[in-house]
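S.K.: below is the sequence, then the predicted model.
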Amino acid sequence: MRTKVYMLTALAIAATQFAATAQKVTLDYYFNHEVRKTSSGKIERFHYTWEDKSNSGFFIFGEAFSRAGAKLDTLGSAPTTSNLKGTNIYIIVDPDTKKESPNPNYIESNDINEIAAWVKKGGVLVMMANDSANVELPHFNNLAAKFGMHFNDDLQNHVIDDKHFEDGAVNTTGNPIFKTASKIYMKDVCSIGVTDPAKAALKNSNGAVIIAVAKYGKGTVLAVGDPWLYNEYTNGRLPTSFENDKAANDLAEWLIKQVRK
């Protein structure tokens, strides 16, 4: 009986320790806030959301974080050091243009100061852009500049249609971020200019930087030229030579490892 009590106590302690150390991954729902009308006339959020299981969602990417032991959350208001408290990883994806939202929430100077202060204390920031026709780059670049990064107004890895998947191929063999994925698919991305403290983390076959990383204070910033891990390209639709599903797991685990203990 005593052995059983000890075992139950040990399990309880382990569960408490896991809960205390589980990382919180918060996805921005403020700068990206696209909505659509359903067949029933209801207005709903969509595009790069945790709960969206259709091609446009981040459901599979979210599952990668969950498998790695993290907790998922969202932030539907402007970020501050106060409402980011308790968040370990904050992801901003494809900020809205006026084409996507009649009243987009632009990233303003106060937002930049709050986000930078949070990163400096140890936060991990992920910025996912897009090709310039589909993302609000000017304000997003004001934030990126804080960390020595700049999303360029260009188009890399242009893919015409599904007969030309290889035009979006990127070799990740030996890349420290992608431990298991050796070939990924990134279509129609923008390149990233880097100055100190930012560094190139992944280049395409043309030598353009498409993922960059910067250390800022106690924190880390990762920038990607596309929101490339949405469901459409992680759900098995790609040719079998592409490993975006593995890349989603690799990136989730790498980001969690950047969080200061």
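M.R.: Received it, and whenever you're ready, just let me know what you need. Computed from a predicted model, the values in this text were never measured in an experiment.

S.K.: wait, what's in contact with A116?
M.R.: If a contact means CB atoms under 8 Å, 6 or more residues apart in numbering, then A116 has K146, F147, Y216 as its contacts. (Each C-beta comes from the backbone N, C-alpha and C, glycine too.)

S.K.: a strand runs through it, doesn't it?
M.R.: No - under DSSP: H, G, I helix; E, B strand; the rest coil, A116 sits outside any strand and is assigned helix.

S.K.: surely V170 is in a helix?
M.R.: No - with three-state DSSP as the criterion, V170 is located in strand rather than a helix.

S.K.: about what we covered before: which of the contacts of A116 are buried, as a PyMOL select command?
M.R.: Here is the PyMOL command that selects the buried residues among those (16 or more other CB atoms under 10 Å):
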select buried, resi 146+147+216
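
S.K.: just the contacts of A116: which are in helices?
M.R.: The subset of the contacts of A116 located in helices under the criterion DSSP state H is empty.

S.K.: R45 against H33, yeah?
M.R.: Yes - the pair R45 and H33 qualifies as a contact (CB atoms under 8 Å) at a distance of 7.0 Å.

S.K.: count the residues that sit near V189.
M.R.: Number of residues near V189 (other CB atoms under 10 Å) recorded here: 27.

S.K.: next one, pLDDT for it please.
M.R.: For V189, the pLDDT comes out at 97.

S.K.: beta partners for it?
M.R.: Each beta-bridge partner of V189 is listed here: Q156, as defined by DSSP bridges.

S.K.: a markdown table for the contacts of A116, including pLDDT?
M.R.: Putting the contacts of A116 into a markdown table (pLDDT from 0 to 100) gives the following:
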| residue | pLDDT |
| --- | --- |
| K146 | 98 |
| F147 | 98 |
| Y216 | 98 |
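
S.K.: Serialize the contacts of A116 to CSV and add fields for distance to F178.
M.R.: What follows is these, written out as CSV (distance: CB to CB, whole Å):
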residue, distance to F178
K146, 26
F147, 21
Y216, 22
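
S.K.: which residues touch I60?
M.R.: The neighbourhood of I60, defined by CB under 8 Å, 6+ apart, consists of L229, N231, T234, N235, D245, A248.

S.K.: please, a PyMOL command that selects the buried ones among the residues you listed?
M.R.: For anyone working in PyMOL, the buried entries among the contacts of I60, judged by 16+ other CB under 10 Å, can be selected with:
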select buried, resi 229+231+234+235+245+248
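
S.K.: in strands only, show me the contacts of I60.
M.R.: Among those, no residue falls in strands (DSSP state E).

S.K.: no further questions, thank you.
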